[in-house]
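*Asks:* Structure, please.
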Amino acid sequence: MTRADLGKDPSQVSAMFDRVAARYDRTNNVLSVGNAPLWRVATTRAVDPKPGERILDVAAGTGTSSASLAKSGASVVAADFSPGMIEVGRRRQAHVNNLVFVEADATKLPFGDDEFDAVTISFGLRNVNEPKRALAEFLRVTKPGGRLVVCEFSHPPAGFVRAGYDFYGRYVMPPLVKLSSSNDDAYDYLNESISAWPDQPTLATWIREAGYTDVAWRNLTMGVVALHRGRKPAAPAPVE
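*Replies:* Purely as a prediction, here's the structure:
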């Protein structure tokens, strides 16, 4: 099995990412036409990590986004369910002292309640077979008053942008993948998963239903990517 399907069986998705781990970052930079670093900067700013905070980066892959968060001085946990991704990440980010890697399923996080000041996930939620369950887990491990940031591919609101994006996915991306990836079949799945993913308002609704408040989003690259944010309600004041 070189690729998963839209059933998103965890073992298949994990094995697929194991296969692409070595060239994953390079392929992403090529396929995003150089936008991947800009999306990472926008996500880091939205998370707004601070020294002394504890941040959970879910579906962290090789830890590129985690390392960006760790530059703030925050303690960052990079969680991913692909052993191959974690192996590459530990090697590439070995110089980052305040970053640790943990193998974890987004729907069954191995952390206690109220552990993290912020939880973030970039381009990983659509690969989870039960994204609503994952959002509930994110809420559980977030401290009261803590924040959530989801960076994910989305649906450009402008028709001409959608048409151009569809053309790129159908006719431009496949040959680029063959040149840059170690497993081009896997990127067929990724393209399909982007098309099947819900739009910005729907994801915002899921985040609210999970229990987050102050939910909002902003589009990046004309809506090719959307950055969603939410906050876990603060703990009620003790009754005297």
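*Asks:* Going by C-alpha atoms from here, please, whenever you check contacts or count neighbours.
*Replies:* Noted.
*Asks:* ok, and the closest non-adjacent residue to the residue most central in space within the chain?
*Replies:* For the chain, Ser122 is the residue whose C-alpha lies nearest the centre (C-alpha atoms, centre = their mean; 2.0 Å). Nearest non-adjacent residue to Ser122, counting by C-alpha to C-alpha, 6 or more residues apart in numbering: Cys151, 4.5 Å away.
*Asks:* where along the protein do the strands fall?
*Replies:* Counting by DSSP state E, one finds strands in the chain at the ranges 54-58, 75-80, 99-103, 116-122, 142-153, 213-220, 225-231.
*Asks:* so can I have JSON lines of those showing mean pLDDT?
*Replies:* Formatted as JSON lines, the strands of the chain follow (pLDDT from 0 to 100):
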{"stretch": "strand 54-58", "mean pLDDT": "98"}
{"stretch": "strand 75-80", "mean pLDDT": "97"}
{"stretch": "strand 99-103", "mean pLDDT": "97"}
{"stretch": "strand 116-122", "mean pLDDT": "98"}
{"stretch": "strand 142-153", "mean pLDDT": "97"}
{"stretch": "strand 213-220", "mean pLDDT": "98"}
{"stretch": "strand 225-231", "mean pLDDT": "97"}
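*Asks:* With distance to Arg40 as extra columns, can I get those strands in a markdown table?
*Replies:* What follows is the strands of the chain, written out as a markdown table (distance: least, C-alpha to C-alpha, whole Å):
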| stretch | distance to Arg40 |
| --- | --- |
| strand 54-58 | 12 |
| strand 75-80 | 15 |
| strand 99-103 | 17 |
| strand 116-122 | 8 |
| strand 142-153 | 9 |
| strand 213-220 | 11 |
| strand 225-231 | 10 |
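*Asks:* for the ones you listed, which one sits closest to Val172?
*Replies:* The closest of the strands of the chain to Val172 is strand 142-153. By C-alpha to C-alpha, the value is 17.3 Å.
*Asks:* before we move on, back to that, wait, doesn't the residue nearest to Ser122 sit right on Phe123?
*Replies:* Yes - judged on C-alpha atoms under 8 Å, Cys151 makes contact with Phe123 at a distance of 6.0 Å.
*Asks:* okay, these two: which has more neighbours?
*Replies:* Just comparing Cys151 and Phe123: by other C-alpha atoms under 10 Å the higher neighbour count belongs to Cys151, 25 against 16.
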